[in-house]
Structures are given as structure tokens and as C-alpha cells.
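1. Prediction below, plus the sequence it came from.
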Amino acid sequence: MGYHPVSIGIIGMGHVGPHAANSLILQGIADEILVCDSNEDKLRAEVQDLNDSTVFAPHRAVVVNCHTDYEKLAHCDVIINASGQVTLSAVSRTGELFKSVDDARLFTGRIAAAGFTGFYVNVTNPCDVVAREIHRLSGLPSSHVIGTGTCLDSARLRTVIALKTRLAPESIQAYMVGEHGNSQIAAWSSVSIAGKLLSELADNPRFALDGAEAESLARKGGYIAYHGKQCTEYAIANAATRIVRAIVHDEKVVLAASVELNGEYGQQGLFTSVPCIIGKDGVEEVLEIDMNDAEHQGFADSCDVIRTNFEKLAPFSVESSRQVPVVLPRHEGDDRNLD
């Protein structure tokens, strides 16, 4: 009987990366975790701590320090991108735009040139824009690049509904769709409990809730966490791990995630969050859920926000991404001090 060890790469070991690694270890998903970060001291510390913790894991796992030798990740089954600078997102998730895209441009082409054929799970914000850039530079099929997108926001919506209705979240089907950002919307027309639409249960006081309030709480949950501790980490790390698990175990699970649309929902050529089936082939099918006219318009407007952000990026060729060292262009409107 053949055995293929599961190898997962993680780029970025700030807040989310270490928690994703720990979740992969404690759930017994990975046999080997290759981690990269430009901060050598932080990376060395995380590798030490994570390897120490594997003694208590379901089975043996090894965490490997790869520093900025990104090519070493080429044999991985899945790579999680958790690079970035979270302090730039204090105002909005697009605040990290130029930094996050530059980070992706530093490693994606190098890993591609080394022969990577696996899957990317992108956490870094703005998630939809970065996922599209990784897809463009990696040369991978679009089904192999998945952003966590509104996977977490949808979980937050289910949690809000669960608290209001006093039900378990797993009994509720509900999705936030569109940009992983302020323009995302709740697809209320498709929210269901036990096969019945929430709208059909509105006469029961238990299921009567303020949709606008619930949607706002789902959209702003990340900022509550950020306000108190200047980051989000546990939930988003577990969202990324959930997608990884769906791929390596071929779960065929339906999750909201940022994926490329090619005509679905009337949208083309961008990454945005919608429910999709995720398994061993990555994004195996995009599901088109029912939305009313207002929701369709809100979703379309959200997609336009993503396009606008992508258009702010400086041109950068695939060929340039595969040269070492990678020389990054300056983005118009980027006021960071790069000197």
C-alpha cells in the first residue's frame, strides 16, 4: 500500500501563519509543514515552538524552516499564503493592497519556476485581489487557487443567526458573498434552516431577526477582534485549515470562498466569494444560489470594488516574477516609504 505524506507550505509567520500551522498539526492534517518568513528570529522561534508541540499531536509532524528559500515549497501539496502587514488594515482590508501584492510577487513566480503544481490557499488581504495575482503569476489552473474570502464572514453570519435563534451554527446554511471587505453582502434569499428558507419562518418569533444588524455584525466581526488585539488570528487560521483539509481529504464540501468566476452570477475574470464545492481538484464547481434583484445588484457592486482595486496595481509580467532577485515596480498611489 503506497503512502503519500501530506506536505503543506506556509508563507508568512506573523499571526495567522503559526496558528494555521498549529491547527494543521493538532487536526492531524499535515505530515510536513514548510514555513517561510523574512524575519529570521521570529521564524526560528515559531519553528521551535511548533516542533515542540507535535509531541501532543495525533501523529508525527515535522515543521521545517525554509526562511526565504521559497523554491523549497515546490513539492508541497498546498501552500497557504499568510504574508502581509496587518497594521495596514486598521481602516479597511484593502489597506494592505500594495504590500500584500508585492509579497505575492516576490514568491509566486519563483515557486512556479521550481515546478509547483499544487494548490494555493490565500489568506492575505485584500484576499480577492491577491488571489487573482497569485493565479496570474503561478500559471496554475484557476481551480488551484482559492482565497479564504468570505469563508470566515459566512461563519460569522451563521454564528449571529445561531445566537439570535438559539440554534447550533451547523444547522444553518447562510453565506456572505462578494468582496472580502466592506462591500460584501449577505445572501438572505438563500438562508435556510432544516430545508426551509429563513423568510418562510419569519412568522415564528424565534426566527424573526434584524437582517441589517446581523449582516453588519458579520461584516465587522474582524474589526472587533482587531480593535482589541491589533490582529485576527484564530478564526481565519482555522478557515484556511478547513479549506486545506477539504482538498487533501477530497471532502467535496460546500464553502464560501474566493474563486475565479467565468460567467457565473454574470461576472467574468475576477476572484470573488461565492459558495463552491472544494475537493481533491480544488474548486470543483461554483454553485449559483438564489439572490433577489437587490442582492444581485449588491453583489455586482462588490465585484466592481474588487476590479477597481486590481486596476490600481502596477504592471508586472510573469517573466519578471521568475527572475531572481525579483525587482518590483512601484504602484501609482502607493505612499509607503520604499527607500
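-> Arrived safely, thanks for sending.

2. Next, the residue lying closest to Ala168 once chain neighbours are set aside: secondary structure please.
-> Of all residues not flanking Ala168 in the chain, Ala162 sits nearest, at 6.4 Å (C-beta to C-beta, 6 or more residues apart in numbering). Backbone N, C-alpha and C define where each C-beta goes, glycine included. Following DSSP: H, G, I helix; E, B strand; the rest coil, Ala162 is assigned to helix.

3. any idea how far Val123 is from the residue of the chain most remote from its centre?
-> Computed with C-alpha atoms, centre = their mean, the maximum C-alpha offset from the centroid of the chain is found at Asp203, amounting to 36.6 Å. Counting by C-beta to C-beta, to the nearest Å, the gap from Asp203 to Val123 is 41 Å.

4. same question, Arg136
-> Counting by C-beta to C-beta, the gap from Arg136 to Val123 is 18 Å.

5. okay, the two: which has more neighbours?
-> Val123 (30 against 19; other C-beta atoms under 10 Å).

6. close enough to count as contact, the more buried one and Thr148?
-> Yes. Here Val123 reaches Thr148: they are 5.2 Å apart, a contact under C-beta atoms under 8 Å.

7. Run the chain-centre distance for the host helix or strand of Ile134.
-> Element membership for Ile134, per DSSP states H and E: helix 127-138. Using C-alpha atoms, centre = their mean, to the nearest Å, the distance from the centre of helix 127-138 to the centre of the chain it belongs to is 11 Å.

8. How far does the helix or strand that it is followed by sit from its chain's centre?
-> Counting by DSSP H and E, the next helix or strand C-terminal to helix 127-138 is strand 145-147. Remark: strand 145-147 is offset 7 Å from the chain centroid, using C-alpha atoms, centre = their mean.

9. One more: stretch 258-266?
-> 16 Å.

10. List of residues touching that stretch?
-> Contact partners of stretch 258-266, identified using C-beta atoms under 8 Å, 6 or more residues apart in numbering, comprise 122, 127-128, 131-132, 135, 142-143, 145-150, 180, 267-274, 276, 283, 286, 288, 296, 299-300.

11. I'd like to know which elements the one helix or strand Phe299 maps to is packed against.
-> Assigned by DSSP H and E, Phe299 falls within helix 293-310. Here helix 293-310 touches helix 127-138, strand 185-186, strand 268-279, going by 3 or more C-beta pairs under 8 Å, 6 or more residues apart in numbering; DSSP states H and E.

12. who does the second one pair up with?
-> Read it as strand 185-186. strand 176-177 (antiparallel) (DSSP bridges).

13. tell me the mean pLDDT for the partner strand?
-> Mean per-residue pLDDT for strand 176-177: 98.

14. any idea which element Glu215 lies in?
-> helix 211-229.

15. Contacts for the helix or strand just after that helix, please.
-> Where DSSP H and E defines the elements, the next helix or strand beyond helix 211-229 is helix 234-248. Residues outside helix 234-248 that contact it (C-beta under 8 Å, 6+ apart) are 6, 8, 16-17, 19-20, 22-24, 27, 29, 77-78, 80, 82, 119, 121, 123, 146, 148, 151-152, 155, 222, 225, 251-253, 255, 257, 278-280, 282.

16. Of those, which belong to helices?
-> 16-17, 19-20, 22-24, 151-152, 155, 222, 225 (DSSP state H).

17. Return a ChimeraX selection command for the buried portion of those.
-> Burial among these is assessed by 16 or more other C-beta atoms under 10 Å; the matching ChimeraX selection reads:
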select :16,17,19,20,22,23,24,151,152,155,222,225
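
18. which one of the ones in helices among the contacts of helix 234-248 sits closest to Val326?
-> Nearest to Val326 out of these is Gly17 (C-beta to C-beta; 20.6 Å).

19. how much space between the residue lying closest to that closest one once chain neighbours are set aside and Glu170?
-> Of all residues not flanking Gly17 in the chain, Ala82 sits nearest, at 4.0 Å (C-beta to C-beta, 6+ apart). Note on Ala82: its distance to Glu170, by C-beta to C-beta, is 26 Å.

20. Looking at the two, which is more packed in?
-> For Ala82 versus Glu170, neighbours defined as other C-beta under 10 Å are more numerous around Ala82 (31 against 8).

21. Could you double-check that the more buried one sits in contact with Ala20?
-> Yes. With contact defined as C-beta under 8 Å, Ala82 and Ala20 form a contacting pair (6.3 Å).

22. Overlap in contacts, the two.
-> Counting by C-beta under 8 Å, 6+ apart, the shared contacts of Ala82 and Ala20 are 10, 123, 237, 240.

23. Run a quick neighbour tally on Glu251.
-> Other residues close to Glu251 by other C-beta under 10 Å number 16.

24. how much space between it and Arg242?
-> 9 Å.
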